[in-house]
Structure formats: C-alpha cells, structure tokens
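**Student:** model the following, please.
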Amino acid sequence: MPNSIMEAKGTTVVSQGADEKSDHDGYRNSDIELPLDAQVESDLNATESDLAEAKELASRLTLEEVRPMMEKVLMIHENDPNFPFSIIQRIKAFLGNEAIFENPEKHAVLIEEMKLEAALITVNSPYSEVRAVVDNHDDETMPCGTIRAWVIGIGFSLLLAFINQLFSIRQPAITVQANVAQLLAYPIGKAFEKLLPDVGFTIWGTRHSLNPGPFSRKEHMLITIMANVSWNYPYTNNIIWVQYLPAYFNQRYAGQFSYQILIALATNYIGYGMAGIIRRFLVYPSYCVWPASLVTIALNAAFHSDRNPPVESPFGRVFTMSRIKFFGLAFAAMFVYFWFPNYIFTALSVFSWITWISPNNVNLNAITGFNNGLGINPWPTWDWNTLLYDQTDPLMIPFFSTFNKFVGMAISACVIAAFWYTNTYNTGYLPINSNRVFDNTGALYNVSNAIDERGLFDPAKYEAYSFPFLSAGNLIVYLFFFAIYSAVVSYAWLYHRHEIAMGFKNLFNSFRRNKEYRATQYQDVHNRLMAKYAEVPEWWYTIVLAIAIALGCTGIAVWETYTSPGVVFYGLALCALFVVPVGIIKAITGIEVTLNVLAEFIGGSFVSGNALAMNYFKSFGYVTCAHALLFSNDLKLAHYVKIPPRQTFAAQMAGTFISTFVCVGVLNFQMNQIPGVCTVDAPNRFTCPGINTFFTASVLWGTVGPIKVFGSGGMYTWLLAGFPIGFAVPIITYKLNQRFRKPWLRQIHPVALFYGALSWAPYSLSYIWPAVPIAWLSWIYLKARYLGFWSKYNFVLSASFSSAVAIAAIIIFFSLQWTEVRLEWWGNDVTSQGCEGTACTLYQLVEGEYFGPRIGEFH
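**Tutor:** Numbering: from 1, shown residues only. Next comes the predicted model:
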C-alpha cells in the first residue's frame, strides 16, 4: 500500500472548527495534518482508483446537497458493523455543528472531506469489499440472455439436478454445487464462441445469434444463476420417501407422479414468489451486501476482467499477477493438497492430536475431541473444507461475523461442559455432543416403540418405552434456537427499523400507477445503473405465488395426507414474519437463521400425533423462507452484474422448473428401479441415511410432539427460557452501544453470537476456531495495510479454494470412494480410535438399569 495510506491509519485531518464537537461526539483530531485524499482513503478503506472517479463529482456538490445525503447515510449506517466507525463519527461532527452551515468558509476542510466521502458513496459502493469485485459501470450492449447462455444454463440445470438427486440417498452422499458449473461454464462458453457461426434470427427488433461475439460476464453469470437454483433437490422429496417406502408409512399413493410434482413445484415457487416481493428489502439496498455473492462475482471477474493494476503486497514487492493467473495457481495448489486431508492422510482433516495421547480417556476426549467432543484444540484441522461446514469461509464473510460465531460457540461450550459433568437431565449417560435422540438406556431412540402400525402416536407403547433424551450439546442447540428467533425480532426492530420502513414504502409505491416516487427509491450507483432496464412487475411475482399456493393446496387436499391445506398459509405467515429480518441479517453478516426448529416446534404442537402433517408444516414453514433467501441472493448477483431483471426472472423460473421435473423423475427411478433401496442390502450404498434421520425426526417431533418434550410438565420446559433471553440480549447490546459508543461495541452482533451456539451437535469448536486467525489476517491485517492487494486477490482466493475442493472431491469420490478403494494406514485410522470412533459417556449403566423417569411416570 502506498506510504501515504499507511501513515493515515489512526489519524484525522485537522480542520477549522471541527474540534468544537470533539468532546460531545467522541470525534478527536490529531496534531498531524494529512492530505485529504489519504484521510478518506484510510477512513473508507478506499484505494486511489476508487477516489479518482469521486473527485469530479465532489467538485460539483454543494453544501446544501451534501447535508441530506449525509443525514440519510447516518440513518441507515449508524449501527451497520460493516460501515467504518470513523466515518460515522465524522458525519455526526458535521451534522451536529450548525456553525459549519452558518459559516462554511471557516470549515472548508471538513466540508471538502464530506463532499469527497459523499461523492465516493454516490459513484460507488460504501463498502470496500463490494468495490473490490463489483464494477460500478455497465455496458448495456453486452450480450446476456443469448442462445448459448440458455443452452449451457439448461444443460447444467439438467446435469446438477440429476447428479444431486441420484446420489442424495447414498452414504456418503455426493453434491455438485453451482460453483462447479460456474467454473466449467467458462471453457464451454469460450468453445461456443470459437466454434459456432454468427447466424441467427430477429424477433421484435432484436437479433438472436448463435455467436453474438465474445462470451460475456453477463452470460456467464446468467448460467451460474440457473445452476444455483437447480443444484438442490426439492425438500418435499424427503416427505415422499417416508410416505412411500414400506419400512416407513407405506402410503402407496405417494408414488403417483402428479402428487409428487404438485407439492415439489409448490414449495419451490412459493419461495421464489416471496423473494420477488421482498427484493426492495433485501436486494436493492446497498447495505445488503450478501457476502457469499461477492465470491461468485470475484470468480466471474477473474475470467472476464482485463484490468490488472499492480498492487503492493505484504511480501515486500509489487504484485502484477492477473486475477485469472492467481486463481489458476491457487486452484491447482488446493486441488493437489486436498487429496491429502480428504483421502491420503485424513488425520490432517480431523487433527485431534491431543486425543491420540490417550484415545480412551473420557475426560480428554470430551473436552478436546473433534468428532465426539467439544473440540477445544489449539489447531484442530489442516483441511480448508472443514471451515466450509456452514457454507461460508473466513475469506468470504466479515471478521466480526466469524468472531461473533466463535465467541457464541465458546461461551456455550462452558454451559455444555457444566451440564454434562453435573449430569443435568441425565446428560452424563449420553455422549456430550451428539445430535441424535436417545432412550433411557442410552441407545438410539426407536420410534417404532412409540407408534402404531399407521405411524400414529400410541400412548400405551410410549409410556412402556421411554421419554426421548437429548445430549448436553443438543440441549444447548435447542435453547439457543429458541433464543435466536426472538433475538431476530428485537434486533431487526432496534437496528433496522428505518430500512424496513423504507422497504415497505417502496413496496407500496411500486403498486401505484403514478411512478413519480424516485425520491424514496434507493439511489446508489448500482440501482441507478439497473434503472435503465425494465423492471419485473410485482404482479408477475404475485401470480407465481398464487399458482404455487394453489398447487400446494391441491396436492395436500386431493390426496389422503391427513393434513389441512391451511398448512400452506401457515408457511407463508411464518415466512412473512421472519423473511425480512432474517434476510437483512444474512445480507449483512453472511449467516442464515433457518426456521426449521421453529417450524417443527409450532407444527408439532398443532398436529401432535400426526408425523405426516408435521412434515408439511416443517416443509412449508421452513423451506418457503430458505428458498426466498436463496433466490434473493441470486437476484443480488444479477443486480451487481447488471443482468436485466426480466432475464433473471426467466432464468430462475426455467431453472427451477427444469430441476424440479428432473429431480422428481429421478426420485421415481430410485423408488421403483433400485432393489432394496433405503435398506442395508441396497446396491452401491443407496441406504438413505438422510431419509432415515428425516423419518426419525418427523415421528419424534410429529408423533411424540414438542408438547410432551417442551410443554408444561415436560422434562425440557426450561429450554423455553431461550425466548425471553434472546429477546433481551439485542436490547442490552443496543443500549450499551448507545451509551458508550465504542467501535468494538458496534462489532458485537447478538444474532451472530446465538448463531455460533447453534453449531453444536454434531459440529464442535474445531470447525470454527481455525477460521478466526485466518479471518483476522484477511479482514483486519491485510485489508487495513494492503488494501489494493486484498481487494484484488481475497475473494478470488476464496473462490479458487472452494472450487478446487469441489472438483477434487468429485474426482476422489468417483475414482476411489465409489469403488471403495481405501488406504489402510495409521494416518487414516487414528481419527476413529477410542472415544473419537465410538462416543464415550461419563456414566455407565449396568445390565437392566435405566435412567430418567420411571416407567409409567411420564405421559
């Protein structure tokens, strides 16, 4: 980084009159006077190229124009942990000093600084991570929805849906995500560019050619979006499996294709309709960064950008390597390296070296174990894939998100250990950190001992069997799930009520015939560039939503599902309540609060004794919101890359439609053509471990029901204390932030803290701790000292590592694991020795004993 920027760290510009507000606002001036450009570069983490464009606009801005701009910035970003705290302090000093506006000639330096900062925010994103990868210009003539883009996109939609559905029931499963399609789409697109002739046809004045010119970044991103909506199979396929198979509910009507496709299309398109309606809350605002999308765009830019500015590196020399070359080298290195922790030397992945000292030591393994313990280990893994356990990585999401997750998990580790060692609620008889459900002998809970032949709850059999018991880790997960749901509500109101109100205002205005409401619209650079393209009307999304509701109601009502069609509207209501606050949190932090536990809790309470009905409650309550966020992320991708909204709409609709039919078709093949499917005798290990878990959960929470577990008189009623705790914590942090106004207080994110505690059972601290120093190195050290280097390579490195892991995993799977070729040696066997292989418990039962309530004392 240039020396002027380095020197600017920790200092401020001396400006006439600015110190008048220093005591009141915490804004202090240094004795060192710095160039204005260097100060703004330092405060906004802006590079010299970022500021070059802003200077011209700054010279034209007046004081009267800057003041309302800064008022709006302060309103939206005051509590934004991604926005520089020093800028917030400067804006407060600027707006709170009336002398500046009465005698502007006496405060020229501060005014010029505000103009430059206002101009930078106007011509580009206020966030350096967005500026690093997202272009603030647009070429309207660039090809986008071309014939070749649609052919490649449909091809990947078919391929990903087929592979992921086919292998979803295998142990272990194999999943090919959209980043693989994005990587492979580039050479295919370039091949089309080289081989196809420039022939085509004209419709409505637009020419459509087989080869419109160079394969563009917009075409590439459109293909990626189609792949992104296609790679995951419909959640309702899980319901079909447990309905159809004789080992489960044995409802043969579930084998009908018409029933399967109706409920699959319903759950997929309800989420898409919601995403379109809420895009004014989650897509258009600049504060909705969507960190995961930046990695996707970085890979896209690496392939298509010609810009290659030299940057100073932490290695003492200037780096001139292009992004695409850097991607290639990092990809190759990770591709080769991943073979070691994933196949050759798996102890590098599960590096629980402390437990190797004494594999059967219960206390040592409980505290430090990677697989079955708390995972407290100075360095527990050398596997990048381990850090991707929740679909994020430390280079992708801001440091405050990673650190808050770690702190939340570390605090809850102490609670788990206290529960286990004091045998609270008999947790000492169970593994300390397991997501399974157990009976009163410590064995896995056998749901068939609590249901009749129809799969419905049998009180007599249940009372003669056992209450369902949870491990210490699982208890904490449920406690903090309840806490995080109420925390989302209070956090959204305290920190984002202005943004939510603005979203509602823009949504209401969008339905008005009088379109003169630009003053209330989001006017950052990306919205201004996208305003050139025809918007997707709200009624398009409303029609999609209405059709999806009709399909869902038809599928549930026509067939004997023992469920009311009202479950569809329940799902919509739950999503409507949470989707905006949960979406804002994900867009800012990169972490997603899922509604699966809340949907199970409410659904199981409503339809206690009916597992199938609970499955539908869970499906529409959880999947609707999850899909809405997934599609919103894709809409933000298109927004950043300037893909016309109607082309994005068509791509998402088509990709979802194709993948749904392919997945349901493959599902029928699996059910009817694979002998012994979902049994231990199934060929090619198609034993359906995920379906077995889904069935167990559905029967446990739908049949035994949350009322017996968490309700009045239930053993775990106290876990409901999570709701008031979660509601109160954001209020406390908000008041502390308002009272003390310290930079570090703005980095405390109560929802991210609770989210960290949700990672237990089956994950441990070993999954999150290694991300902390990596995130600090990237987001704190390199970003502050070598911004140009960080901006150029950080997200490209994240994309290269994730892509290499995905490609290497696929090759290893099909070439070695599929044929069960295994390397037998200490480096692959040590990870499953002792308590790391078979979870140990603190207490043991003698033959014939059981723990917990006596038989007949629980109901």
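**Student:** where's the spatially closest residue to D458 that is not a sequence neighbour relative to V437, distance?
**Tutor:** Leaving aside its chain neighbours, D458 sits nearest to D452 (4.5 Å; criterion: CB to CB, 6 or more residues apart in numbering). Using the backbone N, CA and C atoms, a C-beta is placed for each residue, glycine as well. Distance, D452 to V437, by CB to CB, to the nearest Å: 20 Å.
**Student:** compare those two (neighbour count), which wins?
**Tutor:** Using other CB atoms under 10 Å, the more surrounded residue of D452 and V437 is V437, with 21 against 12.
**Student:** give me the neighbour count for the closest residue to the more buried one other than its chain neighbours.
**Tutor:** Closest residue in space to V437, ignoring its immediate chain neighbours: Y445 at 4.2 Å, by CB to CB, 6+ apart. As a burial measure, Y445 scores 21 neighbours (other CB under 10 Å).
**Student:** then W539?
**Tutor:** 10.
**Student:** surely it is within a helix?
**Tutor:** Yes. The assignment for W539 is a helix, going by DSSP: H, G, I helix; E, B strand; the rest coil.
**Student:** how close does it sit to A531?
**Tutor:** For W539, the distance to A531 - CB to CB - is 20 Å.
**Student:** likewise N308?
**Tutor:** Using CB to CB, N308 is found at 31 Å from A531.
**Student:** can I get stretch 806-814 in PDB, CA atoms only?
**Tutor:** In PDB, the C-alpha atoms belonging to stretch 806-814 read as follows (Å, rounded to 0.1, in the frame of the first residue of the first chain):
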ATOM      1  CA  ALA A 806     -15.400 -29.300  -5.100                       C
ATOM      2  CA  ILE A 807     -13.700 -30.700  -8.200                       C
ATOM      3  CA  ALA A 808     -11.100 -32.700  -6.200                       C
ATOM      4  CA  ALA A 809     -13.900 -34.200  -4.100                       C
ATOM      5  CA  ILE A 810     -15.900 -35.300  -7.100                       C
ATOM      6  CA  ILE A 811     -12.800 -37.000  -8.700                       C
ATOM      7  CA  ILE A 812     -11.900 -38.700  -5.500                       C
ATOM      8  CA  PHE A 813     -15.400 -39.900  -5.000                       C
ATOM      9  CA  PHE A 814     -15.900 -41.500  -8.400                       C
END
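**Student:** the strands in this structure, which residues?
**Tutor:** 200-203, 206-209, 311-312, 318-319, 437-438, 469-470 (DSSP state E).
**Student:** highest mean neighbour count out of those?
**Tutor:** Across these, averaging neighbours per residue (mean count of other CB atoms under 10 Å) puts strand 469-470 on top, at a mean of 25.
**Student:** where does the protein have low pLDDT?
**Tutor:** 1-44, 172, 454-455, 510-523 (pLDDT under 70).
**Student:** hmm, 50 instead?
**Tutor:** Applying pLDDT under 50 to the chain flags the ranges 1-33, 515-520.
**Student:** buried set for the longest helix that it contains?
**Tutor:** Using DSSP state H to define each element, the chain has its longest helix at helix 472-510. By neighbour count on 16 or more other CB atoms under 10 Å, the buried set for helix 472-510 is 472-492, 494-496, 499, 502-503, 506, 509-510.
**Student:** over to stretch 852-859?
**Tutor:** For stretch 852-859, the neighbour count (16+ other CB under 10 Å) marks 852, 858 as buried.
**Student:** one more: stretch 349-369?
**Tutor:** 349-352, 354-356, 359, 361-362, 364-369.
**Student:** the closest residue to Q243 other than its chain neighbours - how many residues pack around it?
**Tutor:** Distance criterion CB to CB, 6+ apart; nearest residue to Q243, sequence neighbours excluded, is A254 at 3.7 Å. Neighbourhood size, A254 [other CB under 10 Å]: 23.
**Student:** what sits against A254?
**Tutor:** By CB atoms under 8 Å, 6 or more residues apart in numbering, the contact list for A254 reads 239-240, 243-244, 260, 559.
**Student:** that one and N668, how far apart?
**Tutor:** 11 Å.
**Student:** find the residues that touch each one of the two.
**Tutor:** In terms of CB under 8 Å, 6+ apart, A254 and N668 are both contacted by the residues Q260.
**Student:** spatially, which residue comes closest to Y253, not counting chain neighbours?
**Tutor:** W559 (5.6 Å).
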